[in-house]
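Participant: model the structure of this input:
(2 chains)
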There are 2 protein chains.
Amino acid sequence: MAPQLDGFFAQVDSLSDHFIDRLRKAVAIPSVSADPARRPDVVRMGHFLKDELEALGASVELRQLGKQPDIPSLDLPPAILARYGSDKNKRTILVYGHYDVQPAEKSDGWATEPFDLTVGEDGRMFGRGSTDDKGPVLGWLNAIEAHQKAGIDFPVNLLMCFEGMEEYGSEGLDDLIEAEGKRFFADADAVCISDNYWLGTEKPCLTYGLRGCNYYSVEISGPGADLHSGVFGGTAQEPMTDLVRVLATLVDTDGKIQIPGIAEQVAPVTEDEATLYDGISFEMETLHESLGSKTTIFEDKKSTLMARWRYPSLSIHGVEGAFSAPGAKTVIPAKVIGKFSIRTVPNMEIEKTNELVYKYVKEQFAKLGSKNTLKVYAQHTGKWWVASPKHWNFAAAAKATERVWGVQPDFTREGGSIPVTLTFEQATGKNVLLLPMGSSTDGAHSINEKLDKKNYIEGIKLLGSYLHYVAEEPMSE
Amino acid sequence: MAPQLDGFFAQVDSLSDHFIDRLRKAVAIPSVSADPARRPDVVRMGHFLKDELEALGASVELRQLGKQPDIPSLDLPPAILARYGSDKNKRTILVYGHYDVQPAEKSDGWATEPFDLTVGEDGRMFGRGSTDDKGPVLGWLNAIEAHQKAGIDFPVNLLMCFEGMEEYGSEGLDDLIEAEGKRFFADADAVCISDNYWLGTEKPCLTYGLRGCNYYSVEISGPGADLHSGVFGGTAQEPMTDLVRVLATLVDTDGKIQIPGIAEQVAPVTEDEATLYDGISFEMETLHESLGSKTTIFEDKKSTLMARWRYPSLSIHGVEGAFSAPGAKTVIPAKVIGKFSIRTVPNMEIEKTNELVYKYVKEQFAKLGSKNTLKVYAQHTGKWWVASPKHWNFAAAAKATERVWGVQPDFTREGGSIPVTLTFEQATGKNVLLLPMGSSTDGAHSINEKLDKKNYIEGIKLLGSYLHYVAEEPMSE
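Facilitator: Take a look at the predicted model:
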């Protein structure tokens, strides 16, 4: 029997101004985790959430995570662990979100003040953190409040984990999640994360897979200090010359990784999977628009989605230690560090991939016959994640989506990484669902970040009704 | 007949503390031309020189050069045009130097306060500008003063041109020199520039050649804005991938330029020239020491000196627009600009070299079959310079060197560029001599810049006696 949701939906609609006002208050706190000077604002944002949650009757704990590794004098902002309801007869859902935001300055090119939520006549709500991730985080609080005001019993016990360092490496969070997997999170039946986006702008989706990311440094050094190219040019072997020659061997213009053994690790496409892509709402035109050019590798949707979701890719990000400013400087850099990363997919193994990369890079460097010194190492690695989209957790979210948006969601994967997803899966042993609120054009890390009012309000309904459907799903997978 | 110089030399020795004090006053003015906030100090340094010169009886003009092109609100520091003596029966020598300095902060790693001349017990005088170029500039003033105090007639008319923007592109100077070539500089019989260094630390040299420098940008762009490598990796052609592949084709690890047609422009080594290198005081060990490693291309002196002085070289300096900070950032840069330069030698022509570079880079990019967009252009170009070391200007300097230092100087070229050299040659039509005061270990642009007290005091004698020998040389070449 479908849950009775009309009262909840009506209540959300009637509280919409109040919910937008709550988002406005949250956006007004510039909780930029990357800026040490803003740390008090991040902490203030954590307290804002704690106060709001306690006002709704949740029990809340601010968990201190210690010092920031790269700035040992700086306290990390607290993680918020909260519980709403503890009825043994209800299922328990663990939700995650983050209350910190990317840096933003009006002078970066924002059309509006980034920390002043500005609602346009078209319903677009501009503000840093509106969609990433304050809107979704408040979505859970708003769903609770609408139930209370409508006098509707909340369908599940809700465990909440909100962090304040997501935009700066989620420092301290993994340890917390692992430690609490069998404690605070022990009775979670499933996990839901609302911190990603629709594939396009029209059709909602549920996300069941992410690529991993191994990030590498190739360091080549020779001279004891930077040299003048007039004095030393032609007499010294230059690390930058060696570096571009090594980097040039990694990948071709069409994205084909040249490192032997990588492709062999990739799971073959099954027939089942091959048919999956056809129905997905995705237009090459939209991709060209978000890319800002037509410089795509593939011309068709299916190849493009497969390349983004289920094949590895290699990107060269830049060079540390070389001249990088505008203008001209005739320096021979003494030590240069090329940075590249490989997005990984099933069934690539981190260790094996690292070994293939190290071996190949060393071989390419050896071919140069250089007297310079090479180091190659992984800066960080992160595994890919793929969940079962047939789990009751996804089934509930799919029904809720159809109820709220009137359309069956696409089942999607993402090319990027949300490492916490895997951490929650491993720590709880439960299914994890990614349930996005915003759409592809929200510009999460860009200037003029926004969340459409419709996505916010309907998103609150979606999160709430997901919990109702979760309560009704048969437990078997 | 050799000039009578003993009285002059004795006077220089007895005034040495006074001359060091003059250098201390000059170093104390932080005339950093690259820092707009220091511009008043640069101007103050110009006025200091004007006052000192006028006290010595020179006529001095501060010539305004207009606004700084990249900061149109900022006045350029004045060029100093000065004359000491106007005896029609004497030769007239034009000397050039600069009174601005490189940036310096104690926190960069200086052992002493950079703007506080610190004389060690070993006679090393540490301070920003000590050797580059305040010591040599004051050398001319000190030589005048020593003549006056010794009651010795000054052997030539001295024209002086001292600028305050040498460390920031000599903005405005070329126009001035060209305009004054047949006016203020009209009666110059030869030009002498003291703004370079001995090849080593023991043996003085006269410098008769410099390489030119053509500086290129290779710009590759595609997407409208920087992209997230998770979302777009594998689906978009990446400008950085194309750039490293193009840069990798320019030069090999042993410095061999891969661009067809460059080597063909290089003047062949004559028998005369081949013998020149054997006698030059230069040790590979010293080179390894200044390089801070043994990563040289050649193992022997002759190949190394030829590679530095008379063969072109190509250095890749860096990439603008890519990720260049420490750490990890998973960006796909939308537009990247690779920077490289070619040091040019006789008989390379600027235009022809540019065309060869453009053609080759475009061909290499075309091979990639990329949809991205390439631009290749020269940021700046500068011709090589080679003077006749058999000119009387050099003969006089060689005799002065032997008199002061007791050794015949090496005749050297330099791998770097001093563009003003060529400008003076072209504007005056006269022979230009580079007559260095400091030695190879002075660290002109580094921390702990120094000038040895011996090089300063004997250098004053050298500059003064050079003028005496100049007065006696037969005019023919």
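
Participant: ok, now which ones touch A:Ile80?
Facilitator: A:46, A:49-50, A:53, A:60-63, A:99, A:160-163 (Cβ atoms under 8 Å, 6 or more residues apart in numbering or on different chains). For the C-beta atoms, the positions are set from N, CA and C on the backbone; glycine is no exception.

Participant: domain assignment for chain A?
Facilitator: Domain assignment of chain A by automatic domain parsing yields the ranges A:6-210+A:384-472, A:212-267+A:310-382.

Participant: kindly check the end-to-end length of the shortest one for me.
Facilitator: Right, the one you point to is domain A:212-267+A:310-382. End-to-end distance for domain A:212-267+A:310-382: 5 Å, by Cα to Cα, to the nearest Å.

Participant: and it, how far out from the chain's middle?
Facilitator: Computed by Cα atoms, centre = their mean, to the nearest Å, the chain-centroid distance of domain A:212-267+A:310-382 equals 26 Å.

Participant: for the longest one, same thing?
Facilitator: Relative to its parent chain, domain A:6-210+A:384-472 has a centroid offset of 12 Å by Cα atoms, centre = their mean.

Participant: then stretch A:381-398?
Facilitator: The answer for stretch A:381-398 is 15 Å, by Cα atoms, centre = their mean.

Participant: and what of stretch A:297-317?
Facilitator: Distance of stretch A:297-317 from the chain centroid (Cα atoms, centre = their mean) equals 18 Å.

Participant: hmm, that stretch touching chain B?
Facilitator: Yes. Using Cβ under 8 Å from any Cβ of the partner chain, stretch A:297-317 comes into contact with chain B via A:Ile297, A:Phe298, A:Thr304, A:Ala307, A:Arg308, A:Tyr311, A:Pro312, A:Ser313, A:Leu314, A:Ser315, A:Ile316, A:His317.

Participant: residues contacting the nearest residue to A:Lys375 once chain neighbours are set aside?
Facilitator: Nearest in space to A:Lys375, with sequence neighbours left out and distances taken as Cβ to Cβ, 6 or more residues apart in numbering or on different chains, is A:Glu219 at 4.2 Å. For A:Glu219, the contact set (Cβ under 8 Å, 6+ apart) comprises A:Lys335, A:Val336, A:Ile337, A:Gly338, A:Leu374, A:Lys375, A:Val376, A:Tyr377.

Participant: go again using 10 Å as the cut-off
Facilitator: A:239, A:243, A:320-321, A:335-339, A:373-377 (Cβ atoms under 10 Å, 6 or more residues apart in numbering or on different chains).

Participant: which among those residues end up buried?
Facilitator: Buried members of the contacts of A:Glu219, scored by 16 or more other Cβ atoms under 10 Å in any protein chain shown, are A:Pro239, A:Leu243, A:Glu320, A:Gly321, A:Lys335, A:Val336, A:Ile337, A:Gly338, A:Lys339, A:Leu374, A:Val376.

Participant: among those, which ones are in strands?
Facilitator: Among those, the residues falling in strands (DSSP state E) are A:Glu320, A:Lys335, A:Val336, A:Ile337, A:Gly338, A:Lys339, A:Leu374, A:Val376.

Participant: quick check: end-to-end length of stretch A:187-200?
Facilitator: 35 Å.

Participant: let me redo that: stretch A:381-389
Facilitator: End-to-end distance for stretch A:381-389, by Cα to Cα: 25 Å.

Participant: go through it and flag the buried ones.
Facilitator: For stretch A:381-389, the neighbour count (16+ other Cβ under 10 Å) marks A:Thr381, A:Gly382, A:Lys383, A:Trp384, A:Trp385, A:Val386, A:Ala387, A:Pro389 as buried.
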